[in-house]
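Undergrad: sequence and predicted structure below; questions after.
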4 protein chains.
Amino acid sequence: MLYFTNDYSEGAHPKVLEALTVTNMEPLDGYGMDKYSLSAIEKIKKACQNDKAEVYFLTGGTQTNMVVISSLLDTFEGVIAADTGHISVHEAGAIEYHGHKVMPIPHHNGKLMAADVKAYLETFYGDANHDHMVFPGMAYISHPTEYGTLYTKEELTALSEVCHQYNLPLFLDGARLGYGLTANDTDVTLPVIAELTDVFYIGGTKVGALCGEAVVFTKKTPSHFVTRIKQHGALLAKGRLNGVQFDALFTDDLYLTIARHANKMAQKLLQGMVAKGYTPYIDSPTNQQFFIFENDVLNDLKEKVVYSFWERYGDSHTVIRLATSWATREEDIEALMKLIPTRG
Amino acid sequence: MLYFTNDYSEGAHPKVLEALTVTNMEPLDGYGMDKYSLSAIEKIKKACQNDKAEVYFLTGGTQTNMVVISSLLDTFEGVIAADTGHISVHEAGAIEYHGHKVMPIPHHNGKLMAADVKAYLETFYGDANHDHMVFPGMAYISHPTEYGTLYTKEELTALSEVCHQYNLPLFLDGARLGYGLTANDTDVTLPVIAELTDVFYIGGTKVGALCGEAVVFTKKTPSHFVTRIKQHGALLAKGRLNGVQFDALFTDDLYLTIARHANKMAQKLLQGMVAKGYTPYIDSPTNQQFFIFENDVLNDLKEKVVYSFWERYGDSHTVIRLATSWATREEDIEALMKLIPTRG
Amino acid sequence: MLYFTNDYSEGAHPKVLEALTVTNMEPLDGYGMDKYSLSAIEKIKKACQNDKAEVYFLTGGTQTNMVVISSLLDTFEGVIAADTGHISVHEAGAIEYHGHKVMPIPHHNGKLMAADVKAYLETFYGDANHDHMVFPGMAYISHPTEYGTLYTKEELTALSEVCHQYNLPLFLDGARLGYGLTANDTDVTLPVIAELTDVFYIGGTKVGALCGEAVVFTKKTPSHFVTRIKQHGALLAKGRLNGVQFDALFTDDLYLTIARHANKMAQKLLQGMVAKGYTPYIDSPTNQQFFIFENDVLNDLKEKVVYSFWERYGDSHTVIRLATSWATREEDIEALMKLIPTRG
Amino acid sequence: MLYFTNDYSEGAHPKVLEALTVTNMEPLDGYGMDKYSLSAIEKIKKACQNDKAEVYFLTGGTQTNMVVISSLLDTFEGVIAADTGHISVHEAGAIEYHGHKVMPIPHHNGKLMAADVKAYLETFYGDANHDHMVFPGMAYISHPTEYGTLYTKEELTALSEVCHQYNLPLFLDGARLGYGLTANDTDVTLPVIAELTDVFYIGGTKVGALCGEAVVFTKKTPSHFVTRIKQHGALLAKGRLNGVQFDALFTDDLYLTIARHANKMAQKLLQGMVAKGYTPYIDSPTNQQFFIFENDVLNDLKEKVVYSFWERYGDSHTVIRLATSWATREEDIEALMKLIPTRG
């Protein structure tokens, strides 16, 4: 069976696992005060070229979004997001459950555009009844997006400017950040993100760790953030679990190396598909690739390949996602290509 | 100054006020257990032709929506509503603040259509990832809608069928219910509503009371509903305030009489406007009428008439709402017509 | 039947009702922007001798406590209160429902003492694990308390000092404030309260109004407070209902006159009871009086007098509350005294 | 440095880590649907002798308490707990943050006694005003308790009976369950717990895992529990992380073996302390031991031993906790004993 269903099918990258093994018997302080967590924090701040940043480790993406968003918003505020954003659709309403409206704006290839945010804010403040409405309190973007697409530095700068003009913190969900940072032709680096956003996270779960996301507050951290984490059930007693893994990921550029490999495999996959006559459903420079298949073809394929259902495309076709990861090998791509029929 | 801005500019209808005055010195039980509240409940049940209904009095529309919705939904469920629904837009996120997503569906003249709800539900349950999404737990409609429009019995029946097929309670927001019940040509009566919905409310604030909304659970009431009301800060110590008013409104058909008058005034207003060359923005058979005006005309008008801004219509025009109520007199309509310039 | 069960058995004081009647037909702005609300606000600020105060009208006590407390606290904070405080016991968990812990401290005659609050805070900050605990974010007191007792200016000053030393806002629940302000020998006036607390409310429902509580922020108001009110379902469309009533209550000292009368009746009741051989259960200078009765005596009494059960007192006795109000007449007290048997 | 501060200072037990290593490269389904999670579930059900149980894996103790409690309670209900319970004190108000009151009852050696719960419930339902109060909706206990103490089967049976008489689910927090199951002279086994409680969890984090708690619903699982987990940000994409660890812990009795070792070390520690003249602060048969020390002695000790501050004991003494774990060696105990001065 070939696994292209996602980027979290295997355990940890071997070097991450090794770090857990090597440090396993050391007695360490709990709740993230251990030396590996502290070391990882320093490495991340350095990679961000931001001395004033504060870094905290959480365990998963939905958890991170919910903790960060509910820490930044006042009770009467909501969060602006693309209508395809992870918080808009696939987090079981975690944001609303914690009291805040997600304010969806139509996406452009998965992205939230500055002009749309500006128009939304102008309409809101121009509405004489806006005191009876949810106040926009922050903006949420994902990079790469749920469609694998990337913001340009220019787009990110424009978003940042609109947000800050209206005093909205800009939060970047980097569940798959590595794949974004190492994509071909991107001009969005970690220091750029640290400069343009107010808070973002560096995803571990989907980029080589067993679990773990590193939240980076670039300018100002909500008060008593550890207590806020605890209150969401998100503070690990063995904080070392996240700390050791991120310390390994930020040693010798492992995080970027992992991601670059996955992107390379994705490009190879894309080229193979194009050669077979398939057009990508969306133009993604990262590790998630989307294609339209005939349902009949998929029926045959699913005996040998695990892929992700994305959405229906008319009655006889389906959009699927094929994802690569640190664990994808060139021979996996080649094996996949042998299974894909040439398009008529 | 002429007031057409809304249907809650004056105090109570004189007969409602009289009932408060006549009963004022009687010592009564608190928290809605007084005899006037009990009498009002019986009258409402009779008007609904539903012996098994349970009736509770709350104080305002947003409060009622928030109490009913949070009482009906489980924590992982949201409420389906038209994107123009009051809960979707103008309640400051009270539903989300209490933990639930409002799931907006595009409206048709302010209405939520059964076919759209059905499609939404089919898509939801057809999505392999729906365990990671908010479950639709009920449907919300307003009647009349925010645009003054009405469901037909057929539309309401279709909605009711779809909802019950999926085990979703159907909740009807009747903040302006009287105007709906007494509109020309409607086939939606109180017993019809009581039969087709699971819970609805009969609005008092906007139909002649100082405050107050009567919630009617037609089939089954959430357990310990009084405690739920209290928990939302919505239980009046002097429950008589609502009870006495509703007892008066449901004596000698006062509620319907008030509403019928307002509708009649609205029709007169509509005819006057049409005669002046205006086309209604939306075809409303109830007490709210919407028209497009040139901004220059409005600038002159606002010195003499209070109206409601509804939305911009291009750069040089605006949609406004003109509302009638029990307090609108024929001479007010005539005076208004003298101020409205004939359309070129 | 004689009614001594509470201070909200009748409707509104006649002058309050008259104000509603006189203003009834005037068309006014909604949502508290009407001229009577604005006038009432000015009168209250003047009575508080505080030009910078901001005043908002809400509808009931639990609602007011829940709106104020959830507006003042950050998500990780709780509210300190006496264990007998209304929010600790009798509000159906409205504070917890909105996300905050009530941190109970043993009461002294219904009061929260500064020394206990100080000890609580010192213990909290002295605990090495306090980041894993709920942070105390404000203090709540009621004046009069649930037992009818009063703080002295000295006690209130001490509380205020402790709270401000730890940056905690002090909130005074004045559901029955009038009775406190007009008690014999009190040195706690409205300007004293406005100076020593950060926010308090002047209760209307239990002091002559049909409904309504006036919230006074003495130093600083939470941002967008109207939106916060709306979000709790607490914003009346006909805001005039509260505004007109408070405007009447703060005209010609009506509020204090009503309360003074009730206190006078309570003193007469107390003296009568003492003459009959009863000792008050607690020494209350306000309109609520508490006595221990033999259950057998109560059984006879309840045919002719409505009183409030307070708590059991051993197997054969019960503590009851007898409350007076603006509506209590001297002859009611005399009639009551004739029914009370002299204690053996 | 000697570590007796807690039972989560080291990483995972070597066999648990080995299981993670051995399975690392296998591609597996996400979100807990992998074969190791399924295998672990079967092993746990077998150990509980309960075929109908449903088992879910979460990541930490506070998270588990918050997910389980908010899934079981209706919005107007609270949870009864000992005043020393973890949810009462050390979870940063996670229960209240999610909307529910913790109703503290005075503990007996850390335990909640059936008679106290019964009295609480009788008082509640006997109070004429209980509709204005928080309804008790479930009971929470920890076993071992926060003081290391254990319920007897008789005590647990009595609690279970009271709870079920009032229709309250009984929830047992087993963050340290292993130490309870393997204590000398206990008659509380896993099948006994599965029979007497409605839901409990088997703690992994503090008994040899890197993270992870296994929640066991013994009779009935809240609907759509996976969605509820997701909504709390508690669903791991790599659910294998918990599944593989619990599969290892429940292979060859590893879970109990680990715990038995820690208990044995704790007994050795206790005997050593008694021999030195110390009386235990509380009589704990499990891996947490509590002693009163002179502050001066502690000052010397802390250079060489890491222990946990528990609480002050007068001005010159302090209660500390010494905890053992799977990683504690006999020589560690011996080394510790050499450092402890004989008590005068």
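TA: Here it is on my side, so go on. Remember, it's a predicted structure, so these values are computed and weren't measured experimentally.
Undergrad: OK, contacts around the closest residue to A:Phe246 other than its chain neighbours?
TA: In space, and not counting its chain neighbours, A:Phe246 is closest to A:Ala40: 3.9 Å by C-beta to C-beta, 6 or more residues apart in numbering or on different chains. Every C-beta, even on glycine, is put in place using the N, C-alpha and C of the backbone. Contacts for A:Ala40 (C-beta atoms under 8 Å, 6 or more residues apart in numbering or on different chains) come out as A:55, A:57, A:214, A:243-244, A:246-247, A:249-250.
Undergrad: let's go with 10 Å and repeat that
TA: Counting by C-beta atoms under 10 Å, 6 or more residues apart in numbering or on different chains, A:Ala40 makes contact with A:32, A:34, A:55, A:57, A:212, A:214, A:242-251.
Undergrad: and which of those is nearest to chain B?
TA: Among the contacts of A:Ala40, A:Gly212 lies closest to chain B (C-beta to the nearest C-beta), at 19.9 Å.
Undergrad: could I have the buried ones of the contacts of A:Ala40 as PyMOL selection syntax?
TA: A single PyMOL command is used to select the members of these judged buried by 16 or more other C-beta atoms under 10 Å in any protein chain shown:
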select buried, chain A and resi 32+34+55+57+212+214+242+243+244+245+246+247+248+249+250
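Undergrad: which ones among the contacts of A:Ala40 lie within strands?
TA: A:55, A:57, A:214 (DSSP state E).
Undergrad: so how far is chain B from the closest residue to A:Ser308 other than its chain neighbours?
TA: Closest residue to A:Ser308 apart from its sequence neighbours, by C-beta to C-beta, 6+ apart: A:Arg321 at 4.1 Å. Relative to chain B, A:Arg321 is positioned 12 Å away (C-beta to the nearest C-beta, to the nearest Å).
Undergrad: also A:Gln165?
TA: Relative to chain B, A:Gln165 is positioned 22 Å away (C-beta to the nearest C-beta).
Undergrad: got it, and A:Leu58?
TA: Distance from A:Leu58 to chain B, counting by C-beta to the nearest C-beta: 18 Å.
Undergrad: thinking again about what came up before, and the helix or strand harbouring the residue nearest to A:Ser308, what's buried?
TA: Here A:Arg321 sits within strand A:317-323, counting by DSSP states H and E. Under the neighbour-count criterion of 16+ other C-beta under 10 Å, strand A:317-323 has A:318-323 buried.
Undergrad: what about A:Phe293, is that helix, strand or coil?
TA: Three-state call for A:Phe293 (DSSP: H, G, I helix; E, B strand; the rest coil): strand.
Undergrad: oh sorry, the question was meant for A:Phe290
TA: At A:Phe290 the chain is in strand, as set by three-state DSSP.
Undergrad: quick check, A:Leu168 in a strand?
TA: No: assigned with three-state DSSP, A:Leu168 falls outside any strand and is coil.
Undergrad: let me see the contact set for it.
TA: A:72, A:77, A:79-80, A:117, A:121, A:135-139, A:159-160, A:162, A:198.
Undergrad: what do you get for A:Ser316?
TA: A:293-296.
Undergrad: ok, back up a step: of the contacts of A:Leu168, buried ones?
TA: Among the contacts of A:Leu168, those classed as buried by 16+ other C-beta under 10 Å are A:72, A:77, A:79-80, A:117, A:121, A:135-139, A:159-160, A:162, A:198.
Undergrad: list just the nearest of these to D:Asp187.
TA: A:Leu72 (50.6 Å; C-beta to C-beta).
Undergrad: hmm, that closest one is touching A:Val199, no?
TA: Yes: counting by C-beta atoms under 10 Å, A:Leu72 touches A:Val199, with 7.2 Å between them.
Undergrad: mutual contacts of these two, please.
TA: Overlap of the contact sets of A:Leu72 and A:Val199 (by C-beta under 10 Å, 6+ apart) consists of A:138, A:169, A:171, A:217, A:220, A:222.
Undergrad: confidence score at the residue in the stretch 201-344 of chain A positioned nearest to chain C?
TA: Residue nearest to chain C within the stretch 201-344 of chain A: A:Thr227 (4.7 Å; C-beta to the nearest C-beta). With respect to pLDDT, A:Thr227 scores 98.
Undergrad: give me the number of residues near the closest residue to it other than its chain neighbours?
TA: In this structure, A:Thr227 finds its nearest non-sequential neighbour in C:Phe76, 4.7 Å apart by C-beta to C-beta, 6+ apart. When neighbours are counted by other C-beta atoms under 10 Å in any protein chain shown, C:Phe76 registers 29.
Undergrad: with A:Leu256 instead?
TA: Neighbours of A:Leu256 (other C-beta under 10 Å): 18.
Undergrad: with A:His108 instead?
TA: 15.
Undergrad: show me what contacts it?
TA: Contacts for A:His108 (C-beta under 10 Å, 6+ apart) come out as A:82, A:84, A:115-116, A:145, A:149, A:155.
Undergrad: show me which residues of the stretch 101-250 of chain A sit near chain B.
TA: Within reach of chain B by C-beta under 10 Å from any C-beta of the partner chain, the stretch 101-250 of chain A has these residues: A:101-104, A:123, A:126-135.
Undergrad: among the residues you listed, name the buried ones.
TA: A:101-104, A:127, A:130-135.
Undergrad: how about the spatially most central residue of chain A, what does it touch?
TA: Residue closest to the average C-alpha location in chain A (C-alpha atoms, centre = their mean): A:Ala175, at 2.3 Å. By C-beta under 10 Å, 6+ apart, the residues touching A:Ala175 are A:7-8, A:60-62, A:64-65, A:86, A:142-144, A:146, A:201-207, A:213, D:237.
Undergrad: if I look at it, how far off is chain B?
TA: Counting by C-beta to the nearest C-beta, the gap from A:Ala175 to chain B is 14 Å.
Undergrad: in a strand, that residue, correct?
TA: No: judged by three-state DSSP, A:Ala175 forms no part of a strand; its state is coil.
Undergrad: and the pLDDT at it?
TA: 98.
Undergrad: what of A:Ala128?
TA: pLDDT at A:Ala128 comes out at 87.
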